[in-house]
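**Student:** mind looking at a prediction? Sequence and model below.
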Amino acid sequence: MCFANGAGGRLLIGIEDREHLPPAGQTVPPEVLDRIRKRVGELTVNVQALPSLQRAANGGEYIALVIERAPGVASTRDGRYFLRLAHYGLTAGNTFTRLGVLLLGTTADRRALGTAPLVQAIKYDEQGQKINKWVWDDCELSPVELVDAIWREVPDFRESYEVAEGLYRRSVPAYDEKVVRELLVNALGHRPYTQQGDIYLNLHPERLEVVNPGRLPLGVTPRNMLHASRRRNEALARVFHDLGLMEREGSGFDLIYDRLLSQGRPAPVTEEGADWVRVTIQRRVAKPAVMRLVS
């Protein structure tokens with residue numbers, strides 16, 4: 001899973017530590033390869049294991065197990081995630097860093113931080129009255145797990161509506177999944193983790209507002225954010241990127257703009273207040289302009 005959540009990798013099975021060759025004459029039963037493929041599939045999600053039988057120069061056989069980079073987040077079947085701790089700075093000696101606690105700590109550990117992200121999704125009706133609410137405020141989930149949980153648990157994200165196309169009608173998703181996930185990852189990845197404050201998802205009949213505590217990073221404004229790239233939490237952003245949750249540096253909002261505009265939806269609107277940033281996207285595609293002929 002560490003390889004799958006990173007750039008992929010290869011394991012050589014049947015060669016002892018500090019040795020370059022397997023024992024001479026070592027043989028590998030062919031059924032072992034099938035057993036590896038089957039067992040890895042049973043124990044993991046999004047891990048592609050490709051074992052092959054290799055024969056060394058001394059005649060000994062061994063297995064080369066290639067792990068491809070996962071298209072999504074790789075985990076165990078019971079929901080555990082594994083990363084390369086040393087590479088991402090999640091540990092200092094035998095203890096977790098603050099980032100390690102945030103990503104891999106227990107619920108109690110995250111609560112003790114005092115600044116773990118808390119999320120509220122609030123649904124409003126046409127009169128602006130609250131009619132539903134979803135809350136993730138118990139610090140049970142890491143930021144990585146929050147993205148999946150929010151998308152899965154808010155039913156509005158999977159709603160659709162119909163638009164007329166000549167004599168026919170076409171079903172259109174209310175929200176683009178990649179756009180919503182990118183907004184969530186940006187909110188979690190760029191919020192200041194030195195201060196408290198909830199992330200709010202305000203679901204109005206015609207729009208979604210994602211409100212993040214804190215201001216934009218120094219040098220970034222709503223007008224230049226497509227061109228000025230600043231990462232407030234570099235280590236967390238690297239984890240998100242390597243897990244395939246975040247676009248490469250500076251391209252996250254490019255993706256949001258591209259997908260919305262290509263679908264005929266209005267561009268996102270970013271606003272900054274004294275201690276908050278709000279990004280608004282519309283629920284429906286833009287209405288086409290009506291041309292009138294005047295005689």
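**Tutor:** Structure's in. What do you need?

**Student:** contacting residues for the residue nearest to the spatial centre of the chain?
**Tutor:** Centroid check for the chain by C-alpha atoms, centre = their mean gives Leu245 as the closest residue, at 2.9 Å. Contact partners of Leu245, counting by C-beta atoms under 8 Å, 6 or more residues apart in numbering, are Val73, Val144, Val147, Arg181, Val185. Just so you know, the C-beta spots here come from the backbone N, C-alpha and C atoms, and that holds for glycine as well.

**Student:** tell me the confidence at it?
**Tutor:** Leu245 carries a pLDDT value of 82.

**Student:** and the contacts of Leu245 as a markdown table, adding neighbour count and pLDDT?
**Tutor:** Output for the contacts of Leu245, formatted as a markdown table (neighbours: other C-beta atoms under 10 Å; pLDDT from 0 to 100):
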| residue | neighbour count | pLDDT |
| --- | --- | --- |
| Val73 | 18 | 87 |
| Val144 | 23 | 91 |
| Val147 | 26 | 94 |
| Arg181 | 17 | 93 |
| Val185 | 23 | 93 |
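
**Student:** stretch 158-170: end-to-end distance?
**Tutor:** 16 Å (C-alpha to C-alpha, to the nearest Å).

**Student:** ok now it, how far from the chain's centre?
**Tutor:** 29 Å (C-alpha atoms, centre = their mean, to the nearest Å).

**Student:** check stretch 72-89 too.
**Tutor:** 13 Å.

**Student:** what residues does that stretch touch?
**Tutor:** In contact with stretch 72-89 (C-beta under 8 Å, 6+ apart) are residues 1-2, 4-6, 42-47, 90-91, 97, 99-100, 103-104, 142, 144-145, 148, 235, 238-239, 242-245.

**Student:** where does the residue nearest to the centre of the chain sit: helix, strand or coil?
**Tutor:** Classification of Leu245 by DSSP: H, G, I helix; E, B strand; the rest coil places it in coil.

**Student:** any idea how far Pro71 is from it?
**Tutor:** 12 Å (C-beta to C-beta, to the nearest Å).

**Student:** equivalent analysis for Ile256, please.
**Tutor:** 20 Å.

**Student:** neighbour count winner among the two?
**Tutor:** Ile256 (23 against 10; other C-beta atoms under 10 Å).
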